[in-house]
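Trainee: Quick one: sequence plus predicted model below, questions after.
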Amino acid sequence: MLAELFAVMAPVLAGAGLGYLWVRLGHPYPVDFITRLVFNIGTPALVLASLSGANIDANSFGQMMFATAIVILTMGAASFVVAKLLRRSWRVLLAPMMYPNTGNMGLPVVLYAFGSAGFAYGITVMVTVSLFQFTLGAVLNSNGSPTKTLLKTPTVYAILISMALLLTDTSLPPWLANTVDLMSGFTVPLMLITLGVSLASIQVKSLRSGIGFSLVRIPLAAGAAWLIAGWVGLPPLAQSILVLQMSMPVAVFNYLFAQRAQREPAYVASLVFCSTLLALVYLPILLAFLM
């Protein structure tokens, strides 16, 4: 399992390392342009490409989505306490507390650990996290009208279309599926390279803070997911996957939101980086309890 976990994390570390070296070698990097490109084109395509072919029944989808939503809101409420504990603004910590990397890291780990039976549950968690992140998250990080922000966020439409496809067991036309698959290909690499660009300016103090945040968030997320899954009445497999997914490292998208809103993006980048490195240590231990 450790080798498979490292195989999932190696591209994350390599992409961030490439961005780090690019800036250290003195090359320019258009962060604002890349952020806009990822948000407006890459992410909607990635959502459609990832979710349009998933297979899960409506009842299981609804139950898992409800449990995930409660965990997300619980972590959001806990962020106010954690912000006081770490002496940081709650606006900076809210998104990293609520939105783990349930996509390009969480889904492969779920697939390796639980197979295709658990993968549909993992997809449902990802859909729910994405829906919150690109609706509530977009509103909280907007500088203008929240309604206009939502209407101008292409990923929201992509999520709604994906949910409709999931619940009606419908597939995209081949020409469209091939198109969104092609367009989604640049999204994750550009996110990781941009993360590395930000890491080039991080101080050692920020790295210590990132590790401290991770040590607080991870057990809190795992405990909340376990208790809420039991309260909702999820089956054991779904409960394990909810705990695993919500315990994933901080999502790279949180850094992009912080970059766009100019809310301590370097600090948020340290949270992403440190939590991702720590995953090599805590995920095998967590999986030993869940499997």
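Mentor: Sure thing, it's come through.
Trainee: other SSEs contacting whichever strand or helix holds residue 32?
Mentor: For residue 32, the host element (DSSP states H and E) is helix 31-37. The contact analysis (3 or more C-beta pairs under 8 Å, 6 or more residues apart in numbering; DSSP states H and E) places helix 31-37 against helix 187-199, helix 252-261. C-betas here are computed from N, CA, C, even on glycine.
Trainee: Using JSON lines, lay out those together with mean pLDDT and distance to residue 12.
Mentor: Formatted as JSON lines, those follow (pLDDT from 0 to 100; distance: least, C-beta to C-beta, whole Å):
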{"stretch": "helix 187-199", "mean pLDDT": "79", "distance to residue 12": "6"}
{"stretch": "helix 252-261", "mean pLDDT": "78", "distance to residue 12": "8"}
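Trainee: Turn those into CSV, including mean neighbour count and distance to residue 271.
Mentor: Converted to CSV, those look like this (neighbours: other C-beta atoms under 10 Å; distance: least, C-beta to C-beta, whole Å):
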stretch, mean neighbour count, distance to residue 271
helix 187-199, 23, 11
helix 252-261, 24, 7
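Trainee: For residue 26, which of the ones you listed is the nearest?
Mentor: Of all those, it is helix 187-199 that lies closest to residue 26, at 12.5 Å by C-beta to C-beta.
Trainee: Just give me how far the closest one sits from the chain centre.
Mentor: Mean-position distance between helix 187-199 and its chain equals 14 Å (C-alpha atoms, centre = their mean, to the nearest Å).
Trainee: do the same with stretch 274-288
Mentor: Distance, centroid of stretch 274-288 to centroid of chain: 16 Å (C-alpha atoms, centre = their mean).
Trainee: Using CSV, list the CA coordinates for it.
Mentor: Taking C-alpha atoms only, stretch 274-288 is exported to CSV below (Å, rounded to 0.1, in the frame of the first residue of the first chain):
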residue,chain,number,x,y,z
CYS,A,274,2.9,20.1,4.3
SER,A,275,-0.4,18.1,4.5
THR,A,276,0.5,16.3,1.3
LEU,A,277,4.0,15.3,2.6
LEU,A,278,2.4,14.1,5.9
ALA,A,279,0.0,12.0,4.0
LEU,A,280,2.9,9.6,3.3
VAL,A,281,2.9,8.9,7.0
TYR,A,282,-0.7,9.0,8.2
LEU,A,283,-2.6,7.5,5.3
PRO,A,284,-1.1,4.0,5.6
ILE,A,285,-1.9,4.1,9.3
LEU,A,286,-5.4,5.3,8.7
LEU,A,287,-6.0,2.7,6.0
ALA,A,288,-4.8,0.0,8.4
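Trainee: Show me what that stretch is in contact with.
Mentor: Stretch 274-288 has contacts (C-beta atoms under 8 Å, 6 or more residues apart in numbering) with 1-2, 5-6, 9, 12-13, 101, 105, 109, 113, 207, 210-211, 213-215, 217-218, 222, 243-244, 247-250.
Trainee: Please consider this matter closed, and thank you.
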